[in-house]
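In: give me a model of this one.
(chains A and B)
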Amino acid sequence: MAGAGIHPYHNQWPPAPVPPPATATSAAAPLPPPPVHHPPFSTHDEVRTIFITGLPEDVKERELQNLMRWFPGFEASQVNYKGEKLMGFALFSTAQLAVAAKDALQDMIFDAESKSVLHIEMAKKNLFVKRGIVADSNSYDQSKRLRTGGDYSHSAYTTPTPFHPPPVPVWGPHGYLAPTPPYDPYGGYPVPPVPMPTPTPAPAPSSYVPVQNTKDNPPCNTLFIGNLGENINEEELRGLFSAQPGFKQMKILRQERHTVCFSNLQDLNSASNVHHSLQGAVIPSSGSVGMRIQYSKNPFGRRKDSNYSVASPSANGAPPALTYQ
DNA sequence: AGCACA
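Out: Sure, this is the predicted structure:
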C-alpha cells in the first residue's frame, strides 16, 4: 500500500545548493569562476553592471539575456520597460568583464529591421539581484523582471566546446552587420550566437523556488496552479503538465492580473504526485517565480453547485449522504 | 491571492 509512491520527479528543491550531476569535466584546466550564484555581499563594491539603450521597443528580456549570456562573467540581465525609453541592464562578475562586454556590444546593430543600434554605458549602480527576482536599487517595480544566468551557463564559455563559437570576436568592433545583409549575419560561423530554444517542451522545470503554500484544499484529482507570472507561455505550461504521469487535461485561464491553470489528472494519486513534484517549479516564461500548486476547490467532474447532496448516485457505492446544506 | 469546465 503506501510507501511505494515512487515517482520519477522526486523534486523537493534542495534547500542547499546541491552539486550538479558532474558531467565528466576534468577540473584540470583553470576554469573561469562560476557565473551564477553570486552572493549579494560582494567584497568589491565596484560597478560591474552595464547600462544598455537602443533596444527595440518589442525586445524581450529573453532576447537580451540570450545575447548577454555569451559574454564571460555574465550573471543577470534585466529590461526596464517603465520609462519612456527602454533600458537594459546586465550584471557581470567583475567590472573588467563588464567593460569587455560593453566594448564588444558598443554600437552593435541589435535589430537590423528596426534599425536598433545599441549604446552601452557603465551603469550608475549595480543591478540588485535578489534570489532570482530583482529590483534596481532605485525602485522596485513589477514591470521589471530579471533573468539570471541560470543553468545554461555551463555550456557557454566555461567549456570550450568545438561547436560553440567564441562569442566576443563575432560581433567585433562596431557593426559587424553590413547595412542590411539578408543572409547569415554571423559571417562564417556555422552556429548563431543564440542557440535555438529547444522546440520540444522540456518537461523539466528549469529550477525550483520555495513556495509557502499557506492553505490547501482537500486532495482531489485536479490541481489549481497559480503564481505563474505575467508572461507565462501557455505552450510551455501545457508541455510541462501534459508530460506528467496520469495527466488527463488542463485548462489555462487568463485573468486580468493573474493567469491560473487547472490540471486534471486521472486519479488522486497522480494529482498528489504532481502537486508535490512541481510545487515551486519555475519555467522560463514564468520569469523567476515559482508556481504555486493547490488542489482545486472544484475538482473536475464534480459540479460546483449541488442542491441536494452528491448529485451522482452512480456506481461508487456511496449512499446518498444526508446533508442539509 | 487569483478556482473553470462539465
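In: who's in contact with the closest residue to DNA strand B within the stretch 201-325 of chain A?
Out: Proximity of the stretch 201-325 of chain A to DNA strand B (Cβ to the nearest atom of the strand) peaks at A:Gly226, 2.4 Å away. C-beta: built from backbone N, CA, C; applies to glycine. A:Gly226 is in contact with A:His258, A:Val260, A:Cys261, A:Met291, A:Arg292, A:Gln294, counting by Cβ atoms under 8 Å, 6 or more residues apart in numbering.
In: need the residues you listed in a markdown table (columns: neighbour count and pLDDT).
Out: Shown next, in a markdown table, are the contacts of A:Gly226 (neighbours: other Cβ atoms under 10 Å; pLDDT from 0 to 100):
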| residue | neighbour count | pLDDT |
| --- | --- | --- |
| A:His258 | 13 | 89 |
| A:Val260 | 17 | 96 |
| A:Cys261 | 22 | 96 |
| A:Met291 | 26 | 95 |
| A:Arg292 | 20 | 95 |
| A:Gln294 | 17 | 97 |
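In: which of those come close to DNA strand B?
Out: Applying Cβ under 7 Å from any atom of the strand, the subset of the contacts of A:Gly226 adjacent to DNA strand B comprises A:His258, A:Val260, A:Arg292, A:Gln294.
In: strands paired with the helix or strand containing the second one, and their directions?
Out: Following DSSP states H and E, one finds A:Val260 within strand A:259-265. Strand A:259-265 has its sheet partners listed here by DSSP bridges as strand A:222-226 (antiparallel), strand A:247-254 (antiparallel).
In: flag every buried residue along the shortest one.
Out: It stands for strand A:222-226. A:Thr222, A:Leu223, A:Phe224, A:Ile225 (16 or more other Cβ atoms under 10 Å).
In: stretch A:82-96 too?
Out: A:Leu86, A:Met87, A:Gly88, A:Phe89, A:Ala90, A:Leu91, A:Phe92, A:Ser93, A:Ala95.
In: what residues are bridge-paired with the fourth one?
Out: Spelled out, that is A:Phe89. For A:Phe89, the beta-bridge partners under DSSP bridges are A:Phe51, A:Gln78.
In: that one and A:Ile50 touch, don't they?
Out: Yes - counting by Cβ atoms under 8 Å, A:Phe89 does reach A:Ile50; the two are 7.1 Å apart.
In: shared neighbours, these two?
Out: Listed as contacting both A:Phe89 and A:Ile50 by Cβ under 8 Å, 6+ apart are A:Ala123.
In: need the strands paired with strand A:259-265 in TSV (columns: mean pLDDT).
Out: Shown next, in TSV, are the strands paired with strand A:259-265 (pLDDT from 0 to 100):
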stretch	mean pLDDT
strand A:222-226	96
strand A:247-254	95
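In: any chance of these in a markdown table, with distance to A:Phe74 too?
Out: Shown next, in a markdown table, are the strands paired with strand A:259-265 (distance: least, Cβ to Cβ, whole Å):
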| stretch | distance to A:Phe74 |
| --- | --- |
| strand A:222-226 | 31 |
| strand A:247-254 | 32 |
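In: of the ones you listed, which is nearest A:Lys60?
Out: Closest approach to A:Lys60 among the strands paired with strand A:259-265 is made by strand A:247-254 (18.7 Å; Cβ to Cβ).
In: just the residues contacting the closest one, thanks.
Out: Strand A:247-254 has contacts (Cβ under 8 Å, 6+ apart) with A:234, A:237-238, A:241-242, A:259-266, A:270, A:274, A:300.
In: and the next helix or strand past the helix or strand of chain A with the lowest mean pLDDT?
Out: Least confident helix or strand, chain A: helix A:167-170 with a mean of 39, by mean pLDDT, DSSP states H and E. Per DSSP H and E, the first helix or strand lying C-terminal to helix A:167-170 is strand A:207-208.
In: what helices or strands is that next one leaning on?
Out: Packing partners of strand A:207-208 (3 or more Cβ pairs under 8 Å, 6 or more residues apart in numbering; DSSP states H and E): strand A:281-282.
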